[in-house]
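**Q** take a look and give me a structure for this.
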Amino acid sequence: MIKVRARGNESVQQMLRRFKKMCEKEGLIRDIKRNSYYEKPSEQRRRRIRRNAKRPAMER
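**A** Below you'll find the model as predicted:
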């Protein structure tokens with residue numbers, strides 16, 4: 001859970017900006033968007049394959 005506490009003379013707008021930045025850093029917004037609609041298992045598999053193809057192969 002993300003918590004934001006006020007610092008000194010910090011305004012609400014500054015606190016909200018810090019909160020949004022923390023959410024983005026944690027990947028919370030990306031997860032919400034991804035889960036906002038149903039994705040078929042075959043689409044999930046395709047997305048996973050594409051994501052792994054972008055990564056460089058590890059040398060052994």
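**Q** and the helix or strand harbouring residue 15, how far from the chain's centre?
**A** Residue 15 belongs to helix 12-26 when assigned by DSSP states H and E. Averaging C-alpha positions (Cα atoms, centre = their mean, to the nearest Å) puts helix 12-26 13 Å from its chain's average.
**Q** can you list contacts of the next helix or strand after it?
**A** Per DSSP H and E, the first helix or strand lying C-terminal to helix 12-26 is helix 28-34. Contact partners of helix 28-34, identified using Cβ atoms under 8 Å, 6 or more residues apart in numbering, comprise 2, 23. Placement of C-beta: from N, CA and C, glycine included.
**Q** so which bits of helix 28-34 are buried?
**A** Buried residues in helix 28-34, counted by 16 or more other Cβ atoms under 10 Å: none are found.
**Q** I'd like the average pLDDT over it.
**A** Averaging pLDDT along helix 28-34 gives 86.
**Q** next SSE after it?
**A** Under the assignment DSSP H and E, the closest C-terminal helix or strand after helix 28-34 is helix 41-54.
**Q** and that following helix, C-alpha only, in PDB?
**A** Only the C-alpha atoms of helix 41-54 are listed here, as PDB (Å, rounded to 0.1, in the frame of the first residue of the first chain):
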ATOM      1  CA  PRO A  41      -5.000 -16.800 -22.500                       C
ATOM      2  CA  SER A  42      -3.600 -17.000 -26.100                       C
ATOM      3  CA  GLU A  43      -3.200 -13.200 -26.100                       C
ATOM      4  CA  GLN A  44      -1.400 -13.400 -22.800                       C
ATOM      5  CA  ARG A  45       0.900 -16.000 -24.200                       C
ATOM      6  CA  ARG A  46       1.600 -14.000 -27.300                       C
ATOM      7  CA  ARG A  47       2.400 -10.900 -25.300                       C
ATOM      8  CA  ARG A  48       4.700 -12.900 -23.000                       C
ATOM      9  CA  ILE A  49       6.600 -14.400 -26.000                       C
ATOM     10  CA  ARG A  50       7.000 -10.900 -27.500                       C
ATOM     11  CA  ARG A  51       8.200  -9.500 -24.300                       C
ATOM     12  CA  ASN A  52      10.800 -12.300 -23.800                       C
ATOM     13  CA  ALA A  53      12.000 -11.900 -27.400                       C
ATOM     14  CA  LYS A  54      13.000  -8.300 -26.700                       C
END
